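K.L.:
Got a predicted model here, sequence first, then my questions.
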Amino acid sequence: MLETLSRAHTALIRLCGAASALIIGVVALLVTFDVIARNIGIGTFPWIVELSEYSLPLATFLIAPWLLRRGEHVRIDMVLTALPPLLARALGRIADLLGLVICLVFLHYGIRVIADSIKLSSLVIKTLVFPEWWLFTPVPFCFALLAVEFVRRLAGGTAVRPTP
């Protein structure tokens, strides 16, 4: 059962990574199209700029769990490499525990913000009009995946190190 959940979590993280890459690619194509259209006199498409504004944070949230799983997140390696191995491992575990706590706080408040936005029926009204809570949905989703990843690391799983 636990192995099935682990495989599902890994698949979800990979899917999020692929979705993030796809979002970045589509945004790059749309912005390029908008620039070309403007320069050849077709005009501009304001929704493209707005869509890119919403897409870049989404892509960042989606890629974060994948980066953490691979050990490619931001960390200060020079401190860890200067310490004896036992102390470096202990500090790494403390950092993972702190990361878990921070993720749980963001998860909690992300859910509260979404609930408030739904309760108030708040809308984003610009070129595109949609429920405000759609913007906040990636926050608890991402931090839930990150929290699971920190639990996995604390339980003995280590980050998959990329090959140079």
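P.N.:
Received, thanks.
K.L.:
after the helix or strand encompassing residue 20, next one along is what?
P.N.:
Using DSSP states H and E, residue 20 sits in helix 2-39. For helix 2-39, the succeeding helix or strand toward the C-terminus, using DSSP H and E, is helix 46-70.
K.L.:
In that next one, which of the residues would be classed as buried?
P.N.:
Under the neighbour-count criterion of 16 or more other C-beta atoms under 10 Å, helix 46-70 has 48, 51-52, 54-55, 58-59, 61-69 buried. Yep, even glycine has a C-beta here, placed from its N, CA and C like the rest.
K.L.:
Could you give the average pLDDT over stretch 15-22?
P.N.:
Averaged over stretch 15-22, pLDDT sits at 97.
K.L.:
What is the distance between that stretch and the centre of its chain?
P.N.:
Counting by C-alpha atoms, centre = their mean, to the nearest Å, stretch 15-22 is centred 10 Å from the centre of its parent chain.
K.L.:
ok, and for that stretch, which residues are buried?
P.N.:
Neighbour count says stretch 15-22 has 16-17, 20 buried, by 16+ other C-beta under 10 Å.
K.L.:
Could I get the residues you listed in CSV, plus columns for distance to residue 87?
P.N.:
Shown next, in CSV, are the buried residues of stretch 15-22 (distance: C-beta to C-beta, whole Å):
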residue, distance to residue 87
16, 33
17, 32
20, 35
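K.L.:
Relative to the centre of this structure, find the outermost residue for me.
P.N.:
Ranking residues of the chain by C-alpha distance from their mean position (C-alpha atoms, centre = their mean) puts residue 41 at the top, at 37.0 Å.
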